[in-house]
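Visitor: Dropping a prediction and its sequence here:
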There are 2 protein chains.
Amino acid sequence: MAKKSAQVQSISDAFRVRPEDFDLAKVDPAATPVGPQSKAEAAEDMPKIGEELDGLQEALYAEGTGGSRRRVLLVLQGMDTSGKGGTIRHVAGLVNPQGLHISSFKKPTRAELRHEFLWRIRRQVPLPGYIGVFDRSHYEDVLVARVDNLVPSTEWRRRYRQINAFETELAAEGVTTIKCFLHISPERQRERLVARLEDPLKRWKYNPADLEVRAKFSRYQLAYQDALAKCSTPAAPWFAVPSDRKWYRNWVVARLLLETLRDLTPTYPEPSYDPAVELARLRESDPLR
Amino acid sequence: MAKKSAQVQSISDAFRVRPEDFDLAKVDPAATPVGPQSKAEAAEDMPKIGEELDGLQEALYAEGTGGSRRRVLLVLQGMDTSGKGGTIRHVAGLVNPQGLHISSFKKPTRAELRHEFLWRIRRQVPLPGYIGVFDRSHYEDVLVARVDNLVPSTEWRRRYRQINAFETELAAEGVTTIKCFLHISPERQRERLVARLEDPLKRWKYNPADLEVRAKFSRYQLAYQDALAKCSTPAAPWFAVPSDRKWYRNWVVARLLLETLRDLTPTYPEPSYDPAVELARLRESDPLR
C-alpha cells in the first residue's frame, strides 16, 4: 500500500458509516471534507482514477477467467434526483462495459412479489470477475416498505438481520460489497425536480408520484438512518456520500471503488499452458504461416 | 439528414454485404476505403462520434420509458483476436453503460443444448430503449457447428432460414439489428496470438485450442462467406469490417452504430403529465420548501 500523508485519510475512512455513532442528520449533503474542493480539481482527477480503475478491472476479469471467485458489488441508494443514474454514467462509465453488470431494481413485479424479497436480488449478483452495480437494491425493502407500510414492522425489522446474513454470505462467496447512500438535501432535490420539469429533455425522468415520495422526505431519512446504521458491517460497509454537488459525489464513489479494487489487488492468472511450447507450436508448425 | 459530398459514401453503403455479389475473398482486411486514413485521424473523430452517440442513446432510452418498443442490437462476429472485445471496450465504451446490454455467447452449456439454438439468444435480446451487444451470437450455430460437424449439414443449412425468420421477427418487434463481421487476415491473427503469448498481461486471453481453430481458418472463411451472403437482409444487414487495423475497425463500427441511431432519430417522449401543473404543485404546495 502507498504511504498516506498524515492529513489525507482514506476516502473509505472519511465516509464509512460507523453504526455506534452514526447520525445521518449530522451529515452535510454539501460537505467536501476530503479530496477536491472544486469541480475543476475533481475533473482533473477523474481520468487518473479511470485509468487505474480500468487496469484493475481488467485484472479482476482476467483473474475470474482463471477460476477466482472474486468480484465487486457497488450498491447505490438515494432519494429521487440524488444521482444514482449520474453516478453510473460517470463512475461505471470509467471502465470497460464488458466487465460490468448493471441492475436496476424498480417496484417489484407481481411475479417478484411471489418470492421472498432477496430472490430477485440474488439473480443479479455479479459473476466472478465482474463489477456489479445495483441501481436501488434490497434496501428498498426496508425503506419504501417501511415508509409506506407495505409490510408489518415486525417484517421489515426482521429484514435487517436477513440482509446482514445475505451480505455475509456474499462475502464468503468472494463478493466485495460497498454500499453508497447518495445523500442530498430537500432543497437540492427541489432544484433538480424543477430542472427536470423545465427542461424538455429531462421531463421523461419526472413522475408526478415523485412529489408524494418527496412529501415523506423526513420519514425516508429516518428509514435510511436505521438501514445504514444496522447494516453497515465489516463484510458490507455503508458509505454516506455527500451528493448535493454532482462532481463531488462522482469523485467520492469513483475513489471508493478504486480503493476497493486496490485492496483486492487482483492478479492475472498463471497460464494453464506453457507459453514457450505454444509459441513454438504457433511459429514452427503453423499451417497458415 | 446532412447532405453528403459526392465522394463520401455512407459507411453503411461502403461495408454492407450485398448477397448477390458478395465475395469475402475480395475483402481486404487491411483496407481503409472510406473515412480516416491514420490512427491519429480516427482518434480525432472518436470523441465526436461518442458525443453524438451518447445523446442519441439517451433519447432512445427516454423513448423506451415512454412506451416505444425500439432498440438496437449490434452483433459482433469474427475469428479469435479479430477484436470483438476491443470493439466493445472502444465503441460500447463511448455510451452510458446503463443503456447497454452486453451478452457474451460461449460454447453452449449442456442446459442450453437441450433447447433449440435460438433459445439462449432470445433471452438476451435487448429491452426497448437499450443498445444490445452480442459478443458472438446465433451465427456460431452456422459457423463452428458447420466447420466442426456438430450437426448434419441439413441442419445447419436449415438454420439460415431460421435465423432470417428470427431477425425479421425482431425487426417487427422494434429491434434494429446490425451485424459486423470483424475481418482479419491469418497473418494478423498470428501476430496477435504471438503478442498474447509474449505479454504476461495478455496470456489469460489465450487458449491452446485457439491453434486448432486457427488451423481451420480457410474453412471458417467459407462458412462466413455463406453466413454473410445468406443472412444479410434488409431487416438485419451484415457488414464486413476490415479489422487488421484496430483503430479503423473501431471507427467503422462506431460510425455504423451512429448512422443506425441517426436513422432511427429517437425522440424524447411527450410527458404524460402537465409540466406547468407539476411545477405549481412543487413550488406552491411543497411541504419541504
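Guide: Great, that's in hand.
Visitor: Chain B versus the residue nearest to the spatial centre of chain A, what's the distance?
Guide: Closest to where the C-alpha atoms of chain A average out (C-alpha atoms, centre = their mean) is A:Leu74, at 2.7 Å. Relative to chain B, A:Leu74 is positioned 12 Å away (C-beta to the nearest C-beta, to the nearest Å). The C-beta positions use only the backbone N, C-alpha and C, and glycine is treated the same way.
Visitor: Dihedrals phi and psi, that residue?
Guide: With angles defined as degrees, to the nearest 10, A:Leu74 sits at phi -100, psi 120.
Visitor: Please report the distance of it from A:Ser12.
Guide: 13 Å (C-beta to C-beta, to the nearest Å).
Visitor: host element of A:Tyr61?
Guide: helix A:39-65 (DSSP states H and E).
Visitor: Chain B contacts on the stretch 101-250 of chain A?
Guide: Applying C-beta under 8 Å from any C-beta of the partner chain, we find that the stretch 101-250 of chain A lies next to chain B at A:102, A:104, A:135, A:186, A:189-190, A:193-194, A:197-198, A:200-201, A:203-208, A:211, A:214-215, A:217.
Visitor: Out of those residues, which sit inside strands?
Guide: Under the assignment DSSP state E, these contribute A:Ile102, A:Ser104, A:Asp135 to strands.
Visitor: what's the nearest residue to the last one if we skip its chain neighbours?
Guide: Excluding the flanking residues, the one nearest A:Asp135 by C-beta to C-beta, 6 or more residues apart in numbering or on different chains is A:Ser104, at 4.3 Å.
Visitor: And for the first one?
Guide: Leaving aside its sequence neighbours, A:Ile102 sits nearest to A:Val133 (C-beta to C-beta, 6+ apart; 4.6 Å).
Visitor: pretty sure the residue nearest to the centre of chain A contacts A:Val175?
Guide: No: in this structure, A:Leu74 is not within contact of A:Val175 by C-beta atoms under 8 Å, at 10.9 Å.
Visitor: what's the burial count for A:Asn207?
Guide: By the criterion of other C-beta atoms under 10 Å in any protein chain shown, A:Asn207 has 16 neighbours.
Visitor: Show the contacting residues for it.
Guide: B:Tyr273 (C-beta atoms under 8 Å, 6 or more residues apart in numbering or on different chains).
Visitor: rerun that using 10 Å as the cut-off
Guide: Residues in contact with A:Asn207, defined by C-beta atoms under 10 Å, 6 or more residues apart in numbering or on different chains, are A:Asp80, A:Arg196, A:Val213, B:Thr65, B:Pro271, B:Ser272, B:Tyr273, B:Glu278.
Visitor: Any quick PyMOL command for the buried ones out of those residues?
Guide: A single PyMOL command selects the buried members of the contacts of A:Asn207 (16 or more other C-beta atoms under 10 Å in any protein chain shown):
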select buried, (chain A and resi 80+196+213) or (chain B and resi 271+278)
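Visitor: pLDDT weak spots in the stretch 151-289 of chain A?
Guide: Along the stretch 151-289 of chain A, the model assigns pLDDT under 70 to residues A:289.
Visitor: Tell me which stretches of it form strands.
Guide: A:175-183, A:238-242 (DSSP state E, counting those that start in this stretch).
Visitor: so how far is the last one off the chain centroid?
Guide: How far strand A:238-242 lies from its chain's middle: 10 Å, per C-alpha atoms, centre = their mean, to the nearest Å.
Visitor: Determine the set of other helices and strands touching that strand.
Guide: Applying 3 or more C-beta pairs under 10 Å, 6 or more residues apart in numbering or on different chains; DSSP states H and E, one finds that strand A:238-242 contacts helix A:11-15, strand A:71-78, strand A:175-183, helix A:217-231, helix A:246-264.
Visitor: In the longest one, which of the residues would be classed as buried?
Guide: By neighbour count on 16+ other C-beta under 10 Å, the buried set for helix A:246-264 is A:246-258, A:260-261, A:264.
Visitor: One more: the first one?
Guide: Of the residues in helix A:11-15, those buried by neighbour count under the rule 16+ other C-beta under 10 Å are A:Ile11, A:Ala14, A:Phe15.
Visitor: Phi, psi for the closest residue to the second one other than its chain neighbours please.
Guide: Excluding its sequence neighbours, the residue lying closest to A:Ala14 (C-beta to C-beta, 6+ apart) is A:Val34, at 4.7 Å. Here is the backbone geometry of A:Val34 (degrees, to the nearest 10): phi -140, psi 160.
Visitor: what's the distance between A:Val34 and A:Arg255?
Guide: Distance from A:Val34 to A:Arg255, by C-beta to C-beta: 9 Å.
Visitor: tell me, what's touching the two both at once?
Guide: With C-beta under 10 Å, 6+ apart as the test, A:Val34 and A:Arg255 both reach A:Ser10, A:Ile11, A:Ala14, A:Phe15.
Visitor: how close does A:Gly64 sit to A:Ser103?
Guide: 18 Å.
Visitor: Identify each buried residue in the strand or helix carrying A:Asp141, please.
Guide: Here A:Asp141 sits within helix A:140-147, counting by DSSP H and E. Residues A:Glu140, A:Asp141, A:Val142, A:Leu143, A:Val144, A:Ala145, A:Arg146, A:Val147 are the ones in helix A:140-147 that count as buried (16+ other C-beta under 10 Å).
Visitor: Would you mind listing the residues in contact with the fifth one?
Guide: Applying C-beta under 10 Å, 6+ apart, we find A:Val144 in contact with A:Lys107, A:Arg136, A:Leu150, A:Trp156, A:Val213, A:Lys216, A:Tyr220, A:Ala223.
Visitor: Tell me the one of those nearest chain B?
Guide: Checking the contacts of A:Val144 against chain B with C-beta to the nearest C-beta, the nearest one is A:Lys216 at 9.7 Å.
Visitor: residues in contact with that closest one?
Guide: So A:Lys216 contacts A:Met79, A:Val144, A:Val147, A:Asp148, A:Leu222, A:Ala223, B:Pro287, B:Leu288 (C-beta under 10 Å, 6+ apart).
Visitor: For it, grab phi and psi.
Guide: The phi/psi pair for A:Lys216 (degrees, to the nearest 10) is phi -100, psi 20.
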